[in-house]
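[1] this one's structure only:
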């Protein structure tokens with residue numbers, strides 16, 4: 001008999017007006033990986049709250065009455081963090097509503113939960129661009145240069161603080177980034193730039209929230225609309241199958 005206690009893995013996600021995009025299949029895929037999903041809704045005005053509340057893997061949902069992200073992303077993520085750690089997880093997976101892992105990555109990700117050497121796991125981000133078969137691979141967007149920390153071992157006895165940044169504050173408190181990390185090769189698939197209208201909206205939103213480039217170089221923001229971007233063909237599992245099968 002295996003007496004090892006299975007670590008409890010919870011996902012946390014902040015959402016706003018995601019019902020017409022990838023939210024449902026992302027939750028379905030995420031639900032096969034984690035023990036539960038915690039969602040903080042940033043005052044959505046579409047069917048996002050109903051979709052989240054109805055999903056069987058969402059174990060905690062809270063909706064804000066007014067949007068917090070445009071004022072202070074760190075406060076939004078700190079509130080989501082508190083909602084999540086109140087449920088006593090061993091590990092926390094922080095994903096956005098337009099991100100997912102390939103199905104074949106499940107066992108590799110779960111293996112991280114059993115080891116004790118590393119407490120923060122990073123993943124290379126593949127930004128799909130224009131369709132679900134190509135990802136961007138030029139200066140600002142190459143997966144080898146764009147890693148994201150998404151998986152962290154939560155320690156009850158550690159005091160956590162969030163970086164005082166109103167934008168691009170990270171997905172975890174500052175203390176998480178000071179723990180031993182492992183840079184995995186498991187691709188994180190980001191679908192937020194697939195459609196041109198999403199790219200335009202993100203560009204406008206970032207310039208509105210950070211007009212002086214205080215939190216990210218303005219050149220990076222402007223590169224969202226750079227044409228033509230350098231694209232590469234995705235050779236992994238078909239993203240359409242991950243989303244709609």
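    Cool, the structure landed. Here the structure is a predicted model, which means the values were calculated and not measured.
[2] worst-scoring helix or strand of the chain, pLDDT-wise?
    Of all helical and strand segments in the chain, the minimum by mean pLDDT, DSSP states H and E falls on helix 239-244, at a mean of 93.
[3] contact partners of that helix?
    Applying C-beta atoms under 8 Å, 6 or more residues apart in numbering, the contact partners of helix 239-244 are 22, 25, 26, 29, 100, 102, 103, 128, 132, 133, 189, 191. The C-beta positions use only the backbone N, C-alpha and C, and glycine is treated the same way.
[4] make TSV out of the residues you listed and add pLDDT, neighbour count and distance to residue 73.
    Rendered in TSV, the data for the contacts of helix 239-244 read as follows (pLDDT from 0 to 100; neighbours: other C-beta atoms under 10 Å; distance: C-beta to C-beta, whole Å):
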residue	pLDDT	neighbour count	distance to residue 73
22	97	19	20
25	97	17	25
26	98	24	20
29	96	21	25
100	97	25	22
102	94	18	28
103	94	13	30
128	98	21	23
132	97	17	27
133	97	14	31
189	98	25	22
191	98	24	20
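[5] just the ones in helices from those residues, please.
    The members of the contacts of helix 239-244 that map onto helices under DSSP state H are 25, 26, 29.
[6] quick check: closest non-adjacent residue to the second one.
    If the residues on either side of it in the chain are set aside, residue 26 comes closest to residue 100, at 5.3 Å by C-beta to C-beta, 6 or more residues apart in numbering.
[7] so which residue is smack in the middle of the chain?
    By C-alpha atoms, centre = their mean, the chain has its centre lying nearest to residue 95, at 2.4 Å.
[8] thought residue 10 was touching residue 31?
    No - between residue 10 and residue 31 there is no contact under C-beta atoms under 8 Å: 11.6 Å.
[9] related to what we said a few turns ago, which of the contacts of helix 239-244 sits closest to residue 234?
    Closest to residue 234 out of the contacts of helix 239-244 is residue 133 (5.7 Å), distances taken as C-beta to C-beta.
[10] tell me how far that closest one lies from residue 181.
    31 Å (C-beta to C-beta, to the nearest Å).
[11] same deal with residue 120?
    For residue 120, the distance to residue 181 - C-beta to C-beta - is 4 Å.
[12] overlap in contacts, the two.
    Shared contacts of residue 120 and residue 181, counting by C-beta under 8 Å, 6+ apart, come down to residue 149.
[13] if we can go back for a sec, list just the nearest of the ones in helices among the contacts of helix 239-244 to residue 62.
    residue 26 (18.7 Å).
[14] got the contact list for that closest one?
    Contact analysis of residue 26 by C-beta under 8 Å, 6+ apart lists 95, 97, 98, 99, 100, 243.
[15] correct me, but the fifth one touches residue 30?
    This means residue 100. Yes - here residue 100 reaches residue 30: they are 6.9 Å apart, a contact under C-beta under 8 Å.
[16] ok so, going back, check contacts around the residue nearest to residue 26.
    Contacts of residue 100 by C-beta under 8 Å, 6+ apart are 22, 25, 26, 29, 30, 188, 189, 191, 242, 243.
[17] so the nearest residue to the fifth one once chain neighbours are set aside, which of the three states?
    In space, and not counting its chain neighbours, residue 30 is closest to residue 11: 5.5 Å by C-beta to C-beta, 6+ apart. Of the three states, residue 11 takes strand according to DSSP: H, G, I helix; E, B strand; the rest coil.
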